[in-house]
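Peer 1: Just to be clear, the model below is a prediction. Sequence and coordinates:
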Amino acid sequence: MINFFKRHPLILMLPLAFFLYNLAFENTAIFWYMYTFATLILMSLAIIFVKIFDELATWKSLVYGIIFGALLYGLFIAGYQLLLLTPLNVANSIERFLSRFSPVSIWHYLLLMFIIVPGEEIFWRGLVQQKLKQYASTPIAILASSILFGLALALGGFWSGALAGIVVSLILGFLYEWKKSLPVIIVAHLVMIVLLFLIMPLSI
């Protein structure tokens with residue numbers, strides 16, 4: 001039985017991830033603590049079950065990460081502008097979500113940089129995506145892991161954010177398979193976050 005779960009860890013890991021994400025989104029007052037706690041647990045377990053790829057030189061990881069992070073930010077902004085053209089009340093939805101969950105202190109940004117972003121990439125790209133490749137082709141595994149990540153984010157009640165999470169995950173998933181480098185996708189994710197929340201935030 002133990003060997004079975006070692007070969008197929010997603011049977012336990014995915015329900016655990018959804019449980020922890022739901023726990024984090026339940027109480028906005030302690031969201032940052034609970035989300036960090038959830039990420040730490042998932043990241044720690046992921047490291048046990050998978051090999052993390054890092055096949056690029058450091059400078060290449062930085063260059064690719066910065067370029068793709070900027071592209072992700074541009075895609076995010078373009079998608080937001082397109083959604084504003086629809087009858088959906090996107091601006092109010094985003095404003096409501098940001099008021100509840102966006103980083104507001106230096107500690108939040110430190111948690112994002114050193115725990116949450118690396119942890120999300122290790123778990124969703126490093127573990128979930130790689131283990132799904134046991135059952136499906138690489139493109140299908142990337143799509144499935146991206147949808148699962150989006151559904152986990154949807155537990156916060158922010159469906160447009162969940163959709164954005166799926167799109168970003170697709171790009172990061174393909175980037176991980178292409179470059180075989182976890183630092184690349186972590187840097188890209190971080191660059192997108194810094195641009196989105198600090199340098200050029202959304203005008204709502």
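Peer 2: Thanks, I have the structure now.
Peer 1: could I get the host helix or strand of Leu40 in PDB with only the CA atoms?
Peer 2: Element membership of Leu40 [criterion: DSSP states H and E] is helix 31-49. Backbone C-alpha positions of helix 31-49 (Å, rounded to 0.1, in the frame of the first residue of the first chain) are rendered in PDB as follows:
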ATOM      1  CA  PHE A  31      -5.200  34.300   5.100                       C
ATOM      2  CA  TRP A  32      -1.500  35.100   4.700                       C
ATOM      3  CA  TYR A  33      -0.500  32.800   7.600                       C
ATOM      4  CA  MET A  34      -2.700  29.900   6.500                       C
ATOM      5  CA  TYR A  35      -1.800  30.200   2.800                       C
ATOM      6  CA  THR A  36       1.900  30.300   3.700                       C
ATOM      7  CA  PHE A  37       1.400  27.300   6.000                       C
ATOM      8  CA  ALA A  38      -0.500  25.400   3.200                       C
ATOM      9  CA  THR A  39       2.300  26.200   0.700                       C
ATOM     10  CA  LEU A  40       5.000  25.100   3.100                       C
ATOM     11  CA  ILE A  41       3.300  21.700   3.700                       C
ATOM     12  CA  LEU A  42       2.700  21.100  -0.100                       C
ATOM     13  CA  MET A  43       6.200  22.200  -1.000                       C
ATOM     14  CA  SER A  44       7.800  20.000   1.600                       C
ATOM     15  CA  LEU A  45       5.900  16.900   0.500                       C
ATOM     16  CA  ALA A  46       6.500  17.700  -3.200                       C
ATOM     17  CA  ILE A  47      10.300  17.700  -2.600                       C
ATOM     18  CA  ILE A  48      10.100  14.200  -1.200                       C
ATOM     19  CA  PHE A  49       8.300  12.800  -4.200                       C
END
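Peer 1: downstream neighbour of it in the secondary structure list?
Peer 2: Following helix 31-49 toward the C-terminus (DSSP H and E): helix 58-84.
Peer 1: need the helix or strand of this structure with the lowest average pLDDT.
Peer 2: Lowest by mean pLDDT, DSSP states H and E among the helices and strands of the chain is helix 90-101, with a mean of 74.
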